[in-house]
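Asker: This is the structure alone, sequence omitted:
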RNA sequence: GCCCUCAUAGUCUAAGGGUUAGGACGCUGGCCUCUCACGCCGGUAAUAGGGGUUCGAAUCCCCUUGGGGGUACCA
């Protein structure tokens, strides 16, 4: 049978990386098995639905490199793919389930339900309306009383299933409650809609968060009652913010779009989250999407929760940045140059060259570049360096020798600057580092800078370099 | 409370009863080097605790502890 998996988010707010990972694994599993990946929107709770969420989900998955075979925007044979548009389907199946004895009408009001709470504040429905006669039900319906449809759980016995990651899950039927399947507004609950839709959409493998692990037996009872084949389940452990807190929408930083804005590359984010809960076996860590599809395997899924570490994702992102071609890096970096002090002032490609090996996320560019404009009076004792054996008086001599070289250098470009100053140092019997570190200080007032001092001279250009050199010379 | 479930370094993970418990991030020492990075080479650090089973346990069983989830007309 052809594999069909689905990602079924509710359209509330943003996609955090936990949701994305669920989607990713469902996608990888489908592709690994040459199957179909479906997007279904679970918007049965109208109060939580957020405008514009569906396009956002599409956009996010597209950027993540996950392609949707069937879904609300691109359609497909099992549509509609938005649950609110399937309302009549659920009602039809709910009524059918009543005929089959798997569900019943319930007319209990809020007060009665609340009176059912026990000493722990735990409510448990007492099957009160199960005893209603056909006539009473007819009369209530005719009178227009609000009602829900509840699942009729067996009162004894056990039910079990085999989860692909957690193994055998067994629960006593007595622990199962008669959950609401169809709400009084006519919308189904998740408990019902997911079963109906997964069956109708031909989902073979249900891949979702482990919060459903213990309620899955209820869903299986529904499949059984309808006489449908149960799907295979793959429950995923949660991604945590720390040891005790799950990643939540409130943790805004774990939001995919926010990471993109901070200068993470989508490939790196996806690569990193794939690694949370899945160890590909060997030492492989940096993987393309097609590589992940190739080697994805359920047996390598982890059962324990994992803590999201931006630190490691940052490192991975740095790896991706360093592997970019200089042209691509420049393209990605330009929006950040535009927002920095160098906007429109210095050649971006020269900064790109020195920054590519020095940043892990693109947004670092803004700070990393600011030194170039912060030149001003500084403490000349910085010229004293024991290791290099330099001091202010050496610096004065070095700058004096450097000035005429730069004045007459033609053309004024990096390689020329480097070569001429290297040979100047050699002539004078200085170490290259002695001269060039004095140059760094003279040009920037800083002991450390991204890039070499000759690269900085090149970026500043002849006029500005000479101006700063003279300024520094006069300080000495 | 009851039910389900998880447990290897600070973090992500590997080890289908027998390894000096492996790799990665982080931290750290060194090399390279005009600084800072990159890169390369090294170091640090773990089987939650207690009982079993076994010649032998991170691995199998039980208990304890700790964490997560469920117990909604949320998903």
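Answerer: Everything's here; your move. Not measured: the values here are computed from a predicted model.
Asker: which SS state does residue A:349 fall under?
Answerer: Here residue A:349 is recorded as helix under DSSP: H, G, I helix; E, B strand; the rest coil.
Asker: Can you tell me how far residue A:240 is from RNA strand B?
Answerer: From residue A:240 across to RNA strand B, the span is 7 Å (Cβ to the nearest atom of the strand, to the nearest Å). For every residue, glycine as well, the C-beta is placed using N, CA and C.
Asker: ok, now which ones touch the closest residue to that residue other than its chain neighbours?
Answerer: Excluding its sequence neighbours, the residue lying closest to residue A:240 (Cβ to Cβ, 6 or more residues apart in numbering) is residue A:307, at 4.7 Å. Neighbouring residues of residue A:307 by Cβ atoms under 8 Å, 6 or more residues apart in numbering: A:239-243.
Asker: now do residue A:25
Answerer: Each residue near residue A:25 by Cβ under 8 Å, 6+ apart is listed here: A:207, A:234, A:236, A:274, A:278, A:296, A:301.
Asker: now residue A:432
Answerer: A:421-422, A:425-426.
Asker: Among those, which one has the most neighbours?
Answerer: Highest neighbour count within these: residue A:421, with 23 neighbours (other Cβ atoms under 10 Å).
Asker: From what I see, residue A:402 and residue A:434 are in contact.
Answerer: No - in this structure residue A:402 lies outside contact range of residue A:434 using Cβ atoms under 8 Å: 11.6 Å.
Asker: more crowded one of these two?
Answerer: residue A:402 (25 against 19).
Asker: Mind telling me what element that one is part of?
Answerer: Under the criterion of DSSP states H and E, residue A:402 resides in helix A:392-408.
Asker: for that helix, the distance to its chain's centre please.
Answerer: 52 Å (Cα atoms, centre = their mean, to the nearest Å).
Asker: tell me what that helix is packed against?
Answerer: Where contact means 3 or more Cβ pairs under 8 Å, 6 or more residues apart in numbering; DSSP states H and E, helix A:392-408 is packed against helix A:414-428, helix A:432-444, helix A:453-475.
Asker: What distance do you get for the nearest residue to residue A:446 once chain neighbours are set aside to RNA strand B?
Answerer: Computed as Cβ to Cβ, 6+ apart, the closest residue to residue A:446 that is not its neighbour in sequence is residue A:371, at 6.0 Å. As for residue A:371, its distance to RNA strand B is 10 Å (criterion: Cβ to the nearest atom of the strand).
Asker: which residues sit in contact with whatever residue of the stretch 151-300 of chain A ends up closest to RNA strand B?
Answerer: Closest contact between the stretch 151-300 of chain A and RNA strand B, by Cβ to the nearest atom of the strand, is at residue A:279 (2.4 Å). The contact partners of residue A:279, by Cβ under 8 Å, 6+ apart, come to A:300, A:302.
Asker: Quick check: phi and psi on it?
Answerer: phi -110, psi 110 (degrees, to the nearest 10).
Asker: got it, and the one 5 residues further on?
Answerer: Backbone dihedrals for residue A:284, given as degrees, to the nearest 10, come out at phi -70, psi 130.
Asker: separation between it and residue A:327?
Answerer: Using Cβ to Cβ, to the nearest Å, residue A:284 is found at 28 Å from residue A:327.
Asker: Show only the entries of the contacts of residue A:25 found in helices.
Answerer: Judged by DSSP state H, helices contain the following of the contacts of residue A:25: residue A:274.
Asker: quick one: pLDDT of the residue nearest to residue A:446?
Answerer: Note on residue A:371: pLDDT of 96.
Asker: quick one: contacts of the helix or strand containing residue A:54?
Answerer: Under the criterion of DSSP H and E, residue A:54 resides in helix A:53-63. Identification of contacts with helix A:53-63 by Cβ under 8 Å, 6+ apart yields A:7, A:9, A:11-15, A:20, A:23, A:39, A:41, A:67-68, A:71-73, A:82, A:256-257, A:260, A:266.
Asker: can you tell if the helix or strand that comes right after that helix touches RNA strand B?
Answerer: Using DSSP H and E, the helix or strand that follows helix A:53-63 towards the C-terminus is helix A:87-99. No - for helix A:87-99, no contact with RNA strand B is found by Cβ under 7 Å from any atom of the strand; the gap never falls below 11.0 Å.
Asker: Could you pull up the mean pLDDT of helix A:87-99?
Answerer: On average, helix A:87-99 scores 96.
Asker: Need the contact partners of that helix.
Answerer: With Cβ under 8 Å, 6+ apart, helix A:87-99 has contacts from A:103-105, A:149, A:151, A:181-182, A:186-188, A:192-193, A:196, A:200, A:222, A:225-226.
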